[in-house]
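Enquirer: quick check, what structure comes out for this input:
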Amino acid sequence: MSHDDLVGALVADLTPVRPLRGWPVLAALLVGWLATVLAMRGAVGWRADVLAGDPAAIVVERAIILLVALAPLLVGVMRLARPGGRAALLLTGALAWLALLPALALASVQVRGELAMAAPELAGTGRCVGLAVGCALPTLIILVIWARRWGAVTEPGRASVAIGLVAAVSGVAIYSLTCPSQHWLFTGSAYSLAMASIVLLARLALPRLLRW
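Expert: Residues are numbered from 1 along each chain as shown. A predicted model of the protein is given here:
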């Protein structure tokens with residue numbers, strides 16, 4: 001067989017690489033988030049002010065912080081699902097933004113003296129973490145299936161952290177609709193612990209599932 005014939009045979013055996021599309025996973029995530037929100041309403045119940053359509057200021061403020069962080073994290077996951085994808089700046093920026101939560105918790109104690117008022121709420125930290133992890137699981141599953149089926153992850157460790165961050169932020173945001181806390185001390189401490197737990201879980205469990 002000549003060199004040209006060999007090259008031609010090899011080329012004929014190649015199949016086109018399917019382009020990585022973001023809209024299917026975004027649609028799946030939206031459906032998953034809506035289902036989780038409704039499930040939480042049925043299982044736990046939303047805050048009374050959320051049900052009334054007039055959420056307290058802290059509910060709106062923490063939702064803004066979480067949702068603003070979610071956008072760059074989603075872009076980061078999509079980049080890391082491609083061979084050689086880079087998302088360090090996106091992830092670092094999102095983490096810096098999320099640092100507002102513990103910063104506001106610290107400020108609430110030092111400036112507003114919330115420690116005595118918020119201390120009883122801290123007993124609910126375990127419940128917060130458990131429910132937030134539960135709310136994050138659908139996002140973890142959707143992103144792992146998408147990355148395995150349509151992606152080509154070459155850095156499973158970083159991709160696992162990025163997926164964990166998306167799941168953590170969205171899970172905590174969904175949980176916040178049911179969270180009865182009115183103080184930044186609880187929000188900054190319990191929400192940060194919940195997100196850290198979810199990211200750690202993803203970092204430990206997902207790399208072996210994402211190897212290409």
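
Enquirer: spatially, what comes nearest to the spatially most central residue of the chain if we skip its sequence neighbours?
Expert: Closest to where the C-alpha atoms of the chain average out (C-alpha atoms, centre = their mean) is V166, at 1.9 Å. Take V166 and drop its neighbours on the chain: the residue closest to it by C-beta to C-beta, 6 or more residues apart in numbering is L73, 4.8 Å away. In this view, the C-beta of every residue, glycine as well, is placed from N, C-alpha and C.

Enquirer: L101 contacts L193, correct?
Expert: No - here L101 does not reach L193: they are 10.5 Å apart, not a contact under C-beta atoms under 8 Å.

Enquirer: coming back round to it: is it true that the residue nearest to the centre of the chain touches V75?
Expert: No - in this structure, V166 is not within contact of V75 by C-beta under 8 Å, at 10.0 Å.

Enquirer: state the mean pLDDT of stretch 47-67.
Expert: Across stretch 47-67, pLDDT averages out at 96.

Enquirer: kindly report the same for stretch 31-44.
Expert: Confidence over stretch 31-44, taken as the mean pLDDT, stands at 96.

Enquirer: return the distance of that stretch from the chain's centre.
Expert: Between the centre of stretch 31-44 and the centre of its chain there are 16 Å (C-alpha atoms, centre = their mean, to the nearest Å).

Enquirer: got a list of contacts for that stretch?
Expert: When contacts are defined by C-beta atoms under 8 Å, 6 or more residues apart in numbering, stretch 31-44 is touched by residues 46, 131, 135, 138-139, 142, 170-171, 174-175, 177-178.

Enquirer: can you mark which positions in that stretch are buried?
Expert: Within stretch 31-44, the residues that qualify as buried by neighbour count (16 or more other C-beta atoms under 10 Å) are 32-33, 36, 40.

Enquirer: tell me which residues touch the residue nearest to the centre of the chain, please.
Expert: Counted by C-beta under 8 Å, 6+ apart, V166 has contacts 70, 73-74, 77, 139, 143.

Enquirer: so the residue nearest to V133 when sequence neighbours are not counted is in which element?
Expert: Take V133 and drop its neighbours on the chain: the residue closest to it by C-beta to C-beta, 6+ apart is I198, 5.8 Å away. Per DSSP states H and E, I198 falls inside helix 192-205.

Enquirer: and the next helix or strand past that helix?
Expert: Downstream of helix 192-205, the next assigned helix or strand under DSSP H and E is helix 207-210.

Enquirer: can you pull out the helices in the chain?
Expert: 3-13, 23-43, 48-51, 57-80, 88-98, 100-110, 115-118, 125-150, 156-176, 184-186, 192-205, 207-210 (DSSP state H).

Enquirer: least reliable of those helices by average pLDDT, please.
Expert: Mean pLDDT per stretch puts helix 3-13 lowest among those, at a mean of 51.

Enquirer: ok, back up a step: the residue nearest to V166 contacts T92, doesn't it?
Expert: No - at 11.0 Å, L73 does not count as touching T92 under the criterion of C-beta under 8 Å.
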